[in-house]
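structure of the sequence below:
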Amino acid sequence: MSRVIVVGAGVVGLSCAVRLLEAGHRVDVVARDLPRETTSAVAAAIWYPYRALPQDRVTAWSGTTYAVLDALAAPLAYGGSPESGVRMLPGTEVFDRRQPDPWWRAAVPALERVDAPPAGFVDGWSFTTPVVEMPVYLPWLAGRVEELGGTITRLNLRALPEGGDLVVNCSGLGARLLGADRTVVPVRGQVVYVEQVGLERWWLDGSGPTYVVPRSHDIVVGGTDEEGEWSRTPSPESAAEILQRASRLVPALRDAKVLRHKVGLRPVRPAVRLEREGRVIHCYGHGGAGVTLSWGCADEVAALAE
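So this is what the prediction gives:
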């Protein structure tokens, strides 16, 4: 049994910790930000490969994650974990011009073209996908780590730790410092949380990027895609523009009560880095697809740890 230190307590770090613990390793998670303080906590967390490459590896990781989340969303009687906060919801992505099938098509069991897109759009497809309620899911993941004998500790690192047999670097944007990797850049994403208005379908419009993702008690509406922007302060102008765009997809949002605003910084890189380098396994650069890639990447990290 190896002692493994996982750096980073977002959705990727916690998923890796769970898989390593299940494989019999002793695992300690250390991070500057605890799970509810991470970029993962801001995410709308709909399964969708976004701002992550290369396409072949991302498709494979995404397919694995889809299957795991689908299983978690199943009723308890069928082996699911309803307390995880994962639901399978139908929805539609629309476009203002004709599109080929998405490059990640192989990762979803079924995807159907929309015969009559909403007004103002000319193409689209519908599919059922996992939607993950991060205020529920992150504590659930952290609980799994602790149930399996792992620990989660706040620690502000200046370099990757020296202890342990292995270090798994899931530091996201922190890899600029901890991995000396300046190719990782922030892509600012602002979201607006509004009251639930009875919506049970998600909507995406890639030209925005615009997304409307229903949860049990609210709706996450986004977003922005500002590369190189570090500010975590929500912009009132951006919020108004987000809601205007989203109202084209769901007109009921025009009168929905705004609950709060948040900003997350996606850790984008030319390609996800998942490789072993001596006693360090690097796993970062997941862009806007941390949830979408999490279990696929965690499985590969556990394999590399062997």
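
what's the burial count for W230?
Each residue near W230 was counted by other Cβ atoms under 10 Å, and the total is 10. All C-beta spots, glycine's among them, are computed from the backbone N, C-alpha and C.

ok, now P117?
Residues lying near P117 (other Cβ under 10 Å) number 17.

which residues sit in contact with it?
For P117, the contact set (Cβ atoms under 8 Å, 6 or more residues apart in numbering) comprises V94, F95, D123, G124.

redo these as CSV? Include distance to W230, neighbour count and secondary structure.
As requested, the contacts of P117 are exported to CSV (distance: Cβ to Cβ, whole Å; neighbours: other Cβ atoms under 10 Å; DSSP: H, G, I helix; E, B strand; the rest coil):
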residue, distance to W230, neighbour count, secondary structure
V94, 31, 23, strand
F95, 31, 17, strand
D123, 35, 15, strand
G124, 34, 20, strand
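
and those, which two are furthest apart?
Greatest spatial distance among those (Cβ to Cβ): V94 and D123, at 7.2 Å.

what touches both of the two?
V114, P117.

need the phi and psi values for G149.
The phi and psi values for G149, taken as degrees, to the nearest 10, are phi 100, psi 10.

quick check: what element follows whichever strand or helix holds P267 along the chain?
Secondary-structure assignment from DSSP states H and E places P267 in strand 258-268. Following strand 258-268 in sequence order, the next helix or strand is strand 273-277 (DSSP H and E).

C-alpha coordinates for that next one, PDB please?
Provided in PDB are the C-alpha atoms of strand 273-277 (Å, rounded to 0.1, in the frame of the first residue of the first chain):
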ATOM      1  CA  ARG A 273      -2.100  17.000 -18.700                       C
ATOM      2  CA  LEU A 274      -2.500  13.500 -17.400                       C
ATOM      3  CA  GLU A 275       0.900  11.700 -17.100                       C
ATOM      4  CA  ARG A 276       3.300  10.300 -14.600                       C
ATOM      5  CA  GLU A 277       6.700  12.000 -14.100                       C
END
